[in-house]
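[1] Sequence first, then the predicted structure:
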Amino acid sequence: MLNQSEWFTEVNDNYGLAFSLKIKEKCTEIQSPFQSVAIYETTDFGYLMTIDDIIMLTSRDNFLYHEMLVHPALFTHPNPKNIAIIGGGDCGSLREALKHPVDSVIQIEIDEVVTQLAEKYFPELCESNHDPRAQLLFIDGIRWMQEAKDQSLDVIIVDSTDPLGPAVGLFNQAFYEQCHRVLKPNGILVQQSESPILHQSLQKDMREAMFQAGFPHLLTLPFPQPVYPSGWFSCTMASKLPSFSDFRRDTALLKKLNTQYYQFEVHEAGLHPVPFLKALER
């Protein structure tokens, strides 16, 4: 039996599994108007952020998620200039997007507490928050998308929590229809899409909703994520483009990005899903 004063444990009863991190101390916990956000210092994974007792990120392995959520989409788009991030309060996706020669990145996060704690405990993720191309808004991302101008964005990145609480409305056809309207003719939507081991039903529903919203081309990319349920996570791209295979292999830019996991070979491999993932296809 784990000593709860020494371990943080996320239990997933629906899937018969749990994941634990050994902790040194609980640093803080704040109840925002939307959720409870806590920070722990772990023995081996740096700082840990949880929301409503669900693991969001750690210092040690968040690069996997942020790099795979951002770079495949931005390298697939022929010339991404105007980006919106829905969610992403820890600012890791913002940092990765701003490594590209974009004109603007707007981050719309409903809960300012998430960003405040990220700035204190994950400053490395927030190093681009004051980039002149960045704009941080602390408002409802669904409403913001409803009010955004037609064909005003090149890429929309949905960096949300699980489809619970404030994030529920980010996983349905109505939201994807708004994204489709706001994206330019060659625009790309990318969204975190949970574990391909545990959440195939959710992924199939997401993909069907994206397709019905007008996105004819879909691609789910898996990647390792040790602290998330099953240790295997994914993101799903939805595009108006005719194909995902013709992504830009800009070697000079990739070298400047200083990525730890994303490489063109990783991206290329994701274009050829293993039989297990082909079950997601329509």
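    Great, that's in hand. Only a predicted model underlies this, so the values are computations on that prediction, with no experimental measurement involved.

[2] What segments of this structure are strands?
    Secondary structure of the chain, counting by DSSP state E: strands at 7-12, 17-31, 36-42, 47-51, 54-58, 82-87, 104-108, 134-137, 153-159, 183-192, 217-224, 232-239.

[3] Tabulate these (a markdown table), appending distance to Tyr121, mean neighbour count and mean pLDDT.
    For the C-beta atoms, the positions are set from N, CA and C on the backbone; glycine is no exception. What follows is the strands of the chain, written out as a markdown table (distance: least, CB to CB, whole Å; neighbours: other CB atoms under 10 Å; pLDDT from 0 to 100):
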| stretch | distance to Tyr121 | mean neighbour count | mean pLDDT |
| --- | --- | --- | --- |
| strand 7-12 | 15 | 14 | 94 |
| strand 17-31 | 7 | 14 | 96 |
| strand 36-42 | 5 | 19 | 98 |
| strand 47-51 | 5 | 22 | 97 |
| strand 54-58 | 10 | 20 | 97 |
| strand 82-87 | 18 | 25 | 97 |
| strand 104-108 | 18 | 22 | 98 |
| strand 134-137 | 17 | 16 | 98 |
| strand 153-159 | 18 | 26 | 97 |
| strand 183-192 | 21 | 22 | 96 |
| strand 217-224 | 23 | 19 | 94 |
| strand 232-239 | 22 | 23 | 95 |
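
[4] can I get those in TSV with distance to Gln146?
    Formatted as TSV, those follow (distance: least, CB to CB, whole Å):
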stretch	distance to Gln146
strand 7-12	33
strand 17-31	28
strand 36-42	26
strand 47-51	24
strand 54-58	26
strand 82-87	12
strand 104-108	12
strand 134-137	14
strand 153-159	13
strand 183-192	14
strand 217-224	23
strand 232-239	18
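
[5] Dihedrals phi and psi, Gln35?
    phi -170, psi 170 (degrees, to the nearest 10).

[6] wait, isn't it in contact with Ile110?
    No. Contact criterion CB atoms under 8 Å: Gln35 and Ile110 do not qualify, at 9.3 Å.

[7] Pull out the buried positions in stretch 143-153.
    Trp144, Met145, Ala148, Leu153 (16 or more other CB atoms under 10 Å).

[8] now the end-to-end length of that stretch.
    With CA to CA, to the nearest Å as the measure, stretch 143-153 spans 16 Å from end to end.

[9] Run through who's touching that stretch.
    82-84, 86, 108, 137, 156, 175, 178-179, 181-185, 187 (CB atoms under 8 Å, 6 or more residues apart in numbering).

[10] And those, which two are furthest apart?
    Leu137 and Pro185 (25.5 Å; CB to CB).
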